[in-house]
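Student: pasting the sequence and the predicted model now:
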Amino acid sequence: MPGVTLEARELSKWFGSRTAVESVSFTAHEGEVIGLLGPNGAGKTTTIRMLSTVLPPTAGDFEVAGVPSSRPADIRARIGVLPESSGYPGHQTGLEYLTYHARLFGCSRDDAKRTAVRLLGQVGLTERANTRIATYSRGMRQRLGIARALVNDPAVVFLDEPTLGLDPAGQKEILTLVRTIAEAHGTTIVLSTHTLPEVEQVCSAVLILDRGKVISAGTVADVTSADANRQSGRLRVPPGEVPRAKEVLAAVPGVTVTPDDRRDVVVLTATDGMNKALAAVLNAGIPVLSFEIEGTRLSDAFLALTRGGAS
Amino acid sequence: MRLVFIVSALLLVLAPAAAADVSVQVERNRVDNSVGAFINIRSTVTNTGAESTGKLIAHLNVASLNDVYVDLEDWTAQPTQSIDALGPGESTTVEWDVQAVNAGIFNVYTVVMPNGSGGPLAVSPPVHVEIAGRRTLSAGGALPIALIVPLLLGAAAYGVRRRIHATS
Amino acid sequence: MTAAAPIVARQESRDLWFGGRGPVLLFAYSVLLSVVTYLAATNQILNFLEQRESVNLVVQIAVAVGVLLTLVVAADAISGERERGTLESLLLTPISRGSIVLGKVVAAMSLWGAAFLVSVPYVWVLGRGVAVVGKALLLSLVIGTLLALAMAAIGLLISALASSNKVSLAVSLFLMLALFAPTQLPAMPTSSVGDFLVRVNPVTAGMHYIQLVLLKGHTWTQDLTYLISPVVAVAGALVALAVAGPRIVRLKGGVGSE
């Protein structure tokens, strides 16, 4: 079992009489990618700000890489953070920016520059190293922000909405980068996001917050199984094959095909499991483009748990 | 103000300084400067008598030695100042910043008189002041500086802006 | 505690000077001094006021505007970074808040240093020939540095406490105007109340001291009491910044916010 790198105990934050985060506890291990989910205002950013020592908790405590929350400067030396909507000094080049931040983490001038060059390569910005950040696209800035979060070779990295405002290609780049960092360096990553398919792709565990409280935690499978309806499924076949697929499925005992006008999807209910239905379609030589059991997606669980995702 | 000057001059003649129990000294006895310059006159007033003086009045005078017209109000807006009572042996400093508005040779001196009574006056030794004609500034000297400095700084600011654009 | 201050100061100064803001401010400053110097040197009425008065005029304007620029840069230092979203990444580094504050004070003071250097040729061209240039420059450096340091520290305090950058700049400019306005009342020191007000206000006290030494021919030590309030202002503002800095340099501005 990899070592514990992050442990939060009963962490709470009140702003006046408003509770932003209430009694959040969880543990993260080396190399683990934890998805921090929740609707807007659920307390994700406040939780990250407390864990990154920017905000003092009202109650509770935490440890990062064995360093207690009573030593915030030491914790900051062991973490990397990409804040939500982080700003960048537009007149600096990417290389200057990373070199400066590496210097703030105690690197000598030469080491800082070497680190900056290496990280720019790691996030795919080598060619733009000497151009002003003002000219970077949003995706490039997010990658630069991730590079900055890595200047101190941190034990834990917090990424707050790293894919916000990015196109699908940009989102994919960032997620690939996140996975690479976790796998290559054994870094623990806490990823706050709204894009749930991303979490399914890269996260080994999730923590769902709603109104400041943890309402579900565990692996993606743990969280989704609680809400899964395994009797219903969606089968995607080529448009011309839909009538034949419906015909084949109707002949399988216990399978009911839901009347539907969709050209390429068949929605079915199987009281005796889905395996027989799927085998019948395959045996009939119908190409299956995709098959998905309803209720097993994280988004379904998320919507169910957070009552529509709005707080 | 001119009346005070005349009265004090008359009193000076009528009451010899030797009879006073207050002495007045000046810090320096000669000043050379040019028209428009400010001259700082500092006088030390000492109670040389055995009794307290009561409140005193110190007055500054400017007397021309070469018939140049002197209007005291042009030289200082406040020629008269009050001095708190001085105990036996006590002294205090009174000062004036006077602006030399005319070229010429002058004696500047201080008179100290009791406030509201006919007691004896004390007068300081004169400060000999010689004021030369005014200098004029050369606009020709200022113009190159006034042009070159902004031009250089403007070029530097432009250079920085260009450098930013060049690396964009 | 403040070991990283030189790194912050260097970068903040680079941002100020190579980011383009510093050179533009300094250019505007030099244009103003050029106009004042040229008028002082050529205008017949000003000319009547004697060479020392021209030097005094330029020194007073150079100090006043130089200090104002320093205050403006300091007032933007924290609230501006908050609004540009760059403060959080600075707060996420292990360096102390003291280092951040000290680095920003040094960067703001670099503007005053540059402003002083720019004023040198103007003072020289007006003051040469009456042996007043050295005295004028030394006065400008000493008094200007005291006032600039006090204003930089006060500007940073305002910037840290303000709820927005706009509020920070508005409050700082109002403070500056309130402190400088009495310098335009020439008769103030003639009454005891007026003299007290001049002495209490560090800006009027400093400016009056310059005038006494440069224009009225007083010795350096004759009116040292006028420097009490500028020195107290510097000490008070720096102590307040050192004590309150770690608590008020935070992600959100506004008094009482988290």
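Tutor: Perfect, thanks for sending it. Numbers count the residues shown, from 1 in each chain, chains lettered A, B, ... in the order given.

Student: spatially nearest residue to residue A:153, not counting backbone neighbours?
Tutor: Setting aside the residues directly before and after it, residue A:153 is nearest to residue A:185 in space (C-beta to C-beta, 6 or more residues apart in numbering or on different chains), at 7.3 Å. In this view, the C-beta of every residue, glycine as well, is placed from N, C-alpha and C.

Student: neighbours of that neighbour, how many?
Tutor: When counting by other C-beta atoms under 10 Å in any protein chain shown, one arrives at 16 neighbours for residue A:185.

Student: repeat that for residue C:180.
Tutor: Count around residue C:180 with other C-beta under 10 Å applied: 16.

Student: wait, what's in contact with it?
Tutor: C:64, C:203-204 (C-beta atoms under 8 Å, 6 or more residues apart in numbering or on different chains).

Student: ok, residue A:95 next?
Tutor: A:113, A:116-117, A:120, A:129-130.

Student: and what of residue A:237?
Tutor: A:245, A:264, A:266, A:281, A:286-289.

Student: quick check: the residue nearest to residue A:153 touching residue A:152?
Tutor: No: at 11.9 Å, residue A:185 does not count as touching residue A:152 under the criterion of C-beta atoms under 8 Å.

Student: list the buried residues in stretch A:119-135.
Tutor: The neighbour-count check on stretch A:119-135 (16 or more other C-beta atoms under 10 Å in any protein chain shown) flags A:119-120, A:122-123, A:125, A:128-129, A:131-133 as buried.

Student: now which of the contacts of residue A:237 would you call buried?
Tutor: A:245, A:266, A:281, A:286.

Student: looking at the contacts of residue A:237, which are in strands?
Tutor: Among these, the members falling in strands (DSSP state E) are residue A:266.

Student: including distance to chain B and pLDDT, could the contacts of residue A:237 go into CSV?
Tutor: Converted to CSV, those look like this (distance: C-beta to the nearest C-beta, whole Å; pLDDT from 0 to 100):
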residue, distance to chain B, pLDDT
A:245, 56, 86
A:264, 47, 76
A:266, 54, 77
A:281, 57, 88
A:286, 56, 89
A:287, 51, 89
A:288, 51, 88
A:289, 46, 88
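
Student: for chain A, see how far away residue C:208 is.
Tutor: Residue C:208 sits 41 Å away from chain A, going by C-beta to the nearest C-beta, to the nearest Å.

Student: just the helices in the chain please.
Tutor: Since no chain was named, I'll use chain A. A:44-51, A:72-78, A:94-104, A:109-122, A:138-149, A:168-185, A:196-202, A:220-225, A:242-250, A:275-283, A:298-305 (DSSP state H).

Student: wait, chain C was what I had in mind.
Tutor: Using DSSP H, helices in chain C cover C:5-18, C:21-42, C:44-48, C:51-77, C:79-84, C:87-91, C:97-127, C:133-161, C:165-180, C:192-200, C:202-214, C:228-248.

Student: so can I have a markdown table of the ones you listed showing mean pLDDT?
Tutor: As requested, the helices of chain C are exported to a markdown table (pLDDT from 0 to 100):
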| stretch | mean pLDDT |
| --- | --- |
| helix C:5-18 | 93 |
| helix C:21-42 | 92 |
| helix C:44-48 | 51 |
| helix C:51-77 | 92 |
| helix C:79-84 | 92 |
| helix C:87-91 | 91 |
| helix C:97-127 | 94 |
| helix C:133-161 | 95 |
| helix C:165-180 | 93 |
| helix C:192-200 | 86 |
| helix C:202-214 | 93 |
| helix C:228-248 | 92 |
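
Student: where do the domain boundaries of the chain fall?
Tutor: You didn't pick a chain, so chain A it is. A:4-88+A:136-220, A:232-294 (automatic domain parsing).

Student: wait, chain B was what I had in mind.
Tutor: According to automatic domain parsing, the domains of chain B span B:2-136, B:138-168.

Student: want to throw those into JSON lines with mean pLDDT and mean neighbour count?
Tutor: JSON lines is the format used below for the domains of chain B (pLDDT from 0 to 100; neighbours: other C-beta atoms under 10 Å in any protein chain shown):
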{"stretch": "domain B:2-136", "mean pLDDT": "81", "mean neighbour count": "16"}
{"stretch": "domain B:138-168", "mean pLDDT": "84", "mean neighbour count": "15"}
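
Student: surely residue A:39 is in contact with residue A:208?
Tutor: No: with contact defined as C-beta under 8 Å, residue A:39 does not count as touching residue A:208 (9.5 Å).

Student: next, give me the two most distant ones among the contacts of residue A:95.
Tutor: For these, the maximum inter-member distance is 12.1 Å, found between A:113 and A:130 (C-beta to C-beta).

Student: what parts of chain A come near chain C?
Tutor: Residues of chain A lying close to chain C by C-beta under 8 Å from any C-beta of the partner chain are A:15, A:49, A:52, A:54-55, A:73-74, A:76-77, A:79, A:81, A:83, A:85-89, A:91-92, A:100-101, A:103-106, A:145, A:148.

Student: now do the SS call for residue B:42.
Tutor: strand (DSSP: H, G, I helix; E, B strand; the rest coil).

Student: and if you look at residue B:36?
Tutor: Criterion first, three-state DSSP; result for residue B:36: coil.

Student: do you know how far the residue lying closest to it once chain neighbours are set aside is from residue B:41?
Tutor: Closest residue to residue B:36 apart from its sequence neighbours, by C-beta to C-beta, 6+ apart: residue C:50 at 2.7 Å. Counting by C-beta to C-beta, to the nearest Å, the gap from residue C:50 to residue B:41 is 18 Å.

Student: from memory residue C:125 sits against residue B:147, does it?
Tutor: No: counting by C-beta under 8 Å, residue C:125 sits too far from residue B:147 to count as a contact (11.5 Å).

Student: thinking again about what came up before, between the helices of chain A, which one is closest to residue A:35.
Tutor: helix A:196-202 (3.7 Å).

Student: distance to chain B and neighbour count added to the contacts of residue C:180, as JSON lines?
Tutor: Output for the contacts of residue C:180, formatted as JSON lines (distance: C-beta to the nearest C-beta, whole Å; neighbours: other C-beta atoms under 10 Å in any protein chain shown):
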{"residue": "C:64", "distance to chain B": "18", "neighbour count": "19"}
{"residue": "C:203", "distance to chain B": "21", "neighbour count": "26"}
{"residue": "C:204", "distance to chain B": "17", "neighbour count": "25"}
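
Student: which of those residues sits closest to chain A?
Tutor: residue C:64 (29.1 Å; C-beta to the nearest C-beta).

Student: helix, strand or coil for residue B:163?
Tutor: Residue B:163 - assigned by three-state DSSP - is helix.

Student: please name the nearest non-neighbouring residue to it.
Tutor: Using C-beta to C-beta, 6+ apart, the closest residue to residue B:163 is residue C:18 (7.5 Å).

Student: for that neighbour, grab the count of nearby residues.
Tutor: Residues near residue C:18, counting by other C-beta under 10 Å: 16.

Student: quick check: pLDDT value at the residue nearest to residue A:153.
Tutor: pLDDT for residue A:185: 82.

Student: spatially nearest residue to residue C:38, not counting backbone neighbours?
Tutor: Using C-beta to C-beta, 6+ apart, the closest residue to residue C:38 is residue B:146 (4.5 Å).

Student: now the angle from whichever helix or strand the one you found is part of to helix C:97-127?
Tutor: Using DSSP states H and E, residue B:146 falls within helix B:139-166. Note on geometry: by axes from the mean of the first three to the mean of the last three C-alpha atoms, to 10 degrees, helix B:139-166 and helix C:97-127 are set 150 degrees apart in direction.
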